[in-house]
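> Dropping the sequence and predicted coords here.
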Amino acid sequence: MKKSVERKWVLWMLLMAWVFMVRCLSGCSGSSGESAKVRDLEFSVVGEGEVPADLLSTIQTKQADPFKLTYSDDQNLYIVVGYGQQTGGGYSISVNSLYLTDNSIVIDTELKGPESGEEAGTGTSSPYIVVKTEYLENPVVFQ
């Protein structure tokens, strides 16, 4: 009888320890830092002539390789995505989404190649996009 009570006690303690561990670990899940969308952000695509000089200089040094960066001037937030050196030309970049979550800004861009039948040329290009939006201090998540 005493062994039966001890076994039940040990099983009960193991069960409680397991429940405690599962509850603690589930609170620390390894999510990607994203949460639900709070709102879409208004933005504009900035031409080379409108890019701040410091940012343009940084882009020019990085454009040979793919890169992602942000820049702010205390009034606006600039989000830049570069796709590195590409063969030929005729590339475009689309912004699929730009939105605010509880703890971040999420941007999703896509590089689109030359249209089928379009002459791409023989040189190289380094397509990039500069997106200007309202100044926010949230970190940017690139998708």
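Yes, it's here.
> Residue 141 is in contact with residue 104, isn't it?
Yes - with contact defined as CB atoms under 8 Å, residue 141 counts as touching residue 104 (4.8 Å). Any C-beta I mention is one placed from the backbone N, CA and C, and that applies to glycine too.
> Parallel or antiparallel, which strands does the biggest strand by length in the chain pair with?
Ranked by residue count and defined by DSSP state E, the top strand of the chain is strand 92-101. The strands beside strand 92-101 in its sheet (DSSP bridges) come out as strand 37-40 (antiparallel), strand 105-112 (antiparallel).
> The closest residue in space to residue 109 that isn't next to it in sequence and residue 45, how far apart?
In this structure, residue 109 finds its nearest non-sequential neighbour in residue 81, 4.8 Å apart by CB to CB, 6 or more residues apart in numbering. Residue 81 sits 11 Å away from residue 45, taking CB to CB, to the nearest Å as the criterion.
> Spit out the residues that contact these two alike.
Here residue 81 and residue 45 have 129, 131 as joint contacts, going by CB atoms under 8 Å, 6 or more residues apart in numbering.
> the strands in the chain, which residues?
37-40, 43-45, 66-72, 76-83, 86-87, 92-101, 105-112, 124-125, 128-134, 140-142.
> for the record, mean pLDDT for stretch 54-66?
Averaged across stretch 54-66, pLDDT comes to 94.
> Number the residues from 16 up from this point.
All set: I'll call the first residue 16, so the last point we hit is now stretch 69-81.
> Domains in this structure, by residue range?
Using automatic domain parsing, the domain parsing of the chain gives 16-45, 48-157.
> Pipe those into JSON lines and attach mean neighbour count per row.
Formatted as JSON lines, the domains of the chain follow (neighbours: other CB atoms under 10 Å):
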{"stretch": "domain 16-45", "mean neighbour count": "9"}
{"stretch": "domain 48-157", "mean neighbour count": "14"}
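> Between the ones you listed, which has the poorest mean confidence score?
Per-stretch mean pLDDT for the domains of the chain is lowest at domain 16-45 (a mean of 67).
> For residue 90, give its distance to residue 148.
Distance check for residue 90 against residue 148: by CB to CB, it reads 11 Å.
> First-to-last residue distance for stretch 85-94?
End-to-end distance for stretch 85-94: 5 Å, by CA to CA, to the nearest Å.
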